[in-house]
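Q: Sequence and predicted structure are below.
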Amino acid sequence: MKYENESGSFYNYLPPGCKLCRRGAKMVLFVTGLCHRDCFYCPVSKEKLRSDLTFANERPVFSDKDILDEAHSMQALGTGITGGEPLLVLERVLEYIRLLKDEFGPGHHIHLYTARTPSKDVLEQLHSTGLDEIRFHPDPKTWAQLAGSDLAASIEEAKASGLDVGIEIPSLPGAQSVADFTLEHNIFLNLNELEFSPTNSLTLAQQGFTAVDDESSAVAGSKEVAQDIIEQSADLHANFCSSSFKDVVQLRMRLLRTAKTTAREFDEVTPDGTLLYGVIGGDANSIAGLLERLEVPDNLYESGQDRVEMGWWVLEDIADEIGSGFKTWYEECYPTYGRMVVEKIPLDNADAFKV
């Protein structure tokens, strides 16, 4: 068994899709919130749940261009198609697979999650269009009865079509039955640490689940279930993905990829993948005139509607020349769509500013 000590993840096998996720190089393409299942642990947000919406990472999708813009912004090497239930909008899925393969070539790795048991025809359509990997998500109520099921037949058809095949489930008591099933069918098993989210917290609590501690969203005991399963079988192709891994490693790596691609000349990329810059608030034309008089190079600032953003060091250098009619602060934001601000520090509180 190999361990990822910094995040609590461990594995003895990583499917191709997971290898790219660990590098932050996979775009998440949420194709629809529609779903035929009602999983008690579903973490999908209220905005997306049961709604036929599409998102590429955090970016709402209204056209093919939105998907391609997002993929380029993070220099994506692959895409994970998820939902909801992606196969409820099969034609949309096929369209997006074609779009991504046409844009980035056959090496752009695409995997798909499904809670359905697609037929041979559907699986062949997916593979011939360009899908590389499929991950099945059986209902926990069926875990002990998978042998000889429709899922078993669909898995064998998926393998015959040429797809890489696995099962991905939350790490819950009873998962050992699924592990045994994956061994029988020679496919991989991904176990995700169960975690509380705004949409599932009440249901999880009602079923007796508790958090590891006051600062964690991870469910107590979930990691131990996966550890027991993986340690008991050297032949099992399994991976445990911890909740902290998604934030500490996967998200951070994606933010860094995106930041390095999208950062303006004056943005500083932090070790966490956020962007740091200075801001003068007020009439943008007046501020631009001030910067021109102070001979600030055009490439070190950018005007907005009621503000001008610039290198934080530029703001620091000209602070004494800025009149009292303007507000000034340092700002840190995510490099993702919408550029959500995570911190604002007034210039007159510069002692709190860390770079």
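A: Yes, it's here.
Q: What's the biggest helix in the protein, counting residues?
A: Among all segments of the chain classified by DSSP state H, the helix with the greatest residue count is helix 90-104.
Q: Show me the contact partners of that helix.
A: With contacts defined as C-beta atoms under 8 Å, 6 or more residues apart in numbering, helix 90-104 is touched by 29, 31-32, 54, 64, 67-68, 71, 76, 79, 81, 86-87, 108, 110, 112, 122, 125-126, 129-131. Placement of C-beta: from N, CA and C, glycine included.
Q: Also stretch 222-231?
A: 1, 8, 10-12, 170-173, 175-176, 179, 191, 193-195, 236, 238, 240, 242.
Q: Which of the residues you listed fall within strands?
A: Residues of the contacts of stretch 222-231 located in strands (DSSP state E): Phe10, Tyr11, Pro170, Leu191, Ala238, Phe240.
Q: Pull out the buried members of the contacts of helix 90-104.
A: Taking 16 or more other C-beta atoms under 10 Å as the criterion, what is buried in those is 29, 31-32, 54, 67-68, 71, 76, 79, 81, 86-87, 108, 110, 112, 122, 125-126, 130-131.
Q: Inside strands: which ones of these?
A: Per DSSP E, those map to strands at Leu29, Val31, Thr32, Thr79, Ile81, Ile110, Leu112.
Q: With respect to Ser161, which of those residues is nearest?
A: Leu112 (12.7 Å; C-beta to C-beta).
Q: thinking the closest one is in contact with Gly130, fair?
A: No. When contacts are counted by C-beta atoms under 8 Å, Leu112 is not listed as touching Gly130 (10.8 Å).
Q: Find the helix or strand that the nearest residue to Ala76 once chain neighbours are set aside is a member of.
A: Counting by C-beta to C-beta, 6 or more residues apart in numbering, Ala76 lies nearest to Met27, which is 4.2 Å off, once chain neighbours are set aside. Mapping Met27 onto the secondary structure by DSSP states H and E places it in strand 26-32.
Q: State the mean pLDDT of the helix or strand that that strand is followed by.
A: Following strand 26-32 in sequence order, the next helix or strand is strand 55-56 (DSSP H and E). Averaging pLDDT along strand 55-56 gives 98.
Q: Ok, stretch 130-145 next?
A: In this model, stretch 130-145 carries a mean pLDDT of 97.
Q: hmm, who's touching that stretch?
A: 15-17, 37, 39, 97-98, 100-101, 106, 109-115, 117, 123, 126, 146, 149, 151, 154-155, 158, 163-170, 172, 174-175, 177-178, 190.
Q: Buried subset of these as a PyMOL selection?
A: PyMOL command restricting the contacts of stretch 130-145 to the buried ones, with burial defined by 16+ other C-beta under 10 Å:
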select buried, resi 15+17+97+100+101+109+110+111+112+113+114+115+117+123+126+146+151+154+155+158+163+164+165+166+167+168+169+170+172+175+178+190
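Q: one step back: run the angle between the strand holding Met27 and helix 90-104 for me.
A: With axes from the mean of the first three to the mean of the last three C-alpha atoms, to 10 degrees as the basis, strand 26-32 and helix 90-104 are set at 150 degrees to each other.
Q: so how far is strand 26-32 from its chain's centroid?
A: Mean-position distance between strand 26-32 and its chain equals 8 Å (C-alpha atoms, centre = their mean, to the nearest Å).
Q: again with stretch 289-297
A: 41 Å.
Q: Same check on stretch 73-86?
A: For stretch 73-86, the distance to the chain centre is 8 Å (C-alpha atoms, centre = their mean).
Q: Check stretch 263-283 too.
A: Between the centre of stretch 263-283 and the centre of its chain there are 23 Å (C-alpha atoms, centre = their mean).
Q: What separates the first and last residues of it, distance-wise?
A: Distance between the two ends of stretch 263-283: 24 Å, counting by C-alpha to C-alpha, to the nearest Å.
Q: Ser171 is in contact with Glu193, isn't it?
A: Yes. At 5.8 Å, Ser171 and Glu193 qualify as touching, with contact defined as C-beta under 8 Å.
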